[in-house]
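1. Sequence unavailable; structure follows:
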């Protein structure tokens, strides 16, 4: 099986990008980056990777992932390891994933356990070597290119731009009868914004302190993805909890609240521009 590592770039930290590429390039057959902006970093690493772009235009996370999968399909790669620009993979990720490729013809995604640098990782007792899950983040997930093509060849929803791209793809996978396998021997150290743990109604929750524009995309995506997958009530509960956490614990609350309202309205109107 030929494996391509695909990284979406948007104004990356050059040093972290070098670490990212160095950690994965010897584990896969090729590394490709899609430049969504901040092209100097892509140019600097062009001797080590294939650089794809739409003329420097930011086409969003979902569209960039589709472009990477198209490249993989056109060039004979069977799987794409999708990576965030700041995620440094463990050195066992591909060797562990390879143990499970071919075990199940319905396998669409393999994913790691995730340890957020700021809030840690939930500890589970009697953890199995692998387990089927209903959701995984995009970073460090291994995408079956054949399944991606069978689901439409543009299975990452272009209109989302950012936020809930991973939920949408995972739910699409499940709705088509495919599976997501979490490989617990692989642990990805990841960082979601400037996250920290807080208490809400006696339970630990995470706040991320994203800039206000992310509140817009999150609320818009919650409406669109919820409607698409008939999970609107679930997505609106997430949105309500996130809005409450923002207003209790984050800065720039008024600016974020305005963006949330705008996102909800545009989501209802299915407006993207």
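-> Structure received. As the structure is a computational prediction, the values presented were derived from the model and not from experiment.

2. what number of residues lie near the nearest residue to residue 238 once chain neighbours are set aside?
-> Closest residue to residue 238 apart from its sequence neighbours, by C-beta to C-beta, 6 or more residues apart in numbering: residue 222 at 6.2 Å. For the C-beta atoms, the positions are set from N, CA and C on the backbone; glycine is no exception. The criterion is other C-beta atoms under 10 Å. On that basis, residue 222 has 27 neighbouring residues.

3. when you give positions from now on, start the count at 4
-> Done: numbering now begins at 4, and the last item shifts to residue 225.

4. On the pLDDT front, check residue 225 for me.
-> In the prediction, the pLDDT value recorded for residue 225 is 97.

5. Contacts for the strand or helix carrying it next, please.
-> If you go by DSSP states H and E, residue 225 is part of helix 215-231. In this structure, residues lying in contact with helix 215-231 by C-beta atoms under 8 Å, 6 or more residues apart in numbering are 160, 162-168, 170-171, 174, 196, 213, 234-239, 241-242, 245-246, 249, 255, 258-267, 269-271, 273.

6. starting at the chain centroid, how far to that helix?
-> Once both centres are worked out by C-alpha atoms, centre = their mean, to the nearest Å, helix 215-231 turns out to sit 15 Å from its chain's centre.

7. Just the buried positions in that helix, please.
-> Of the residues in helix 215-231, 215, 217-229, 231 count as buried by neighbour count, 16 or more other C-beta atoms under 10 Å.

8. quick check, nearest of these to residue 21?
-> Checking the buried residues of helix 215-231 against residue 21 by C-beta to C-beta gives residue 217 as the nearest, at 26.1 Å.

9. what about the closest one, distance to residue 150?
-> With the distance defined as C-beta to C-beta, to the nearest Å, residue 217 ends up 29 Å from residue 150.
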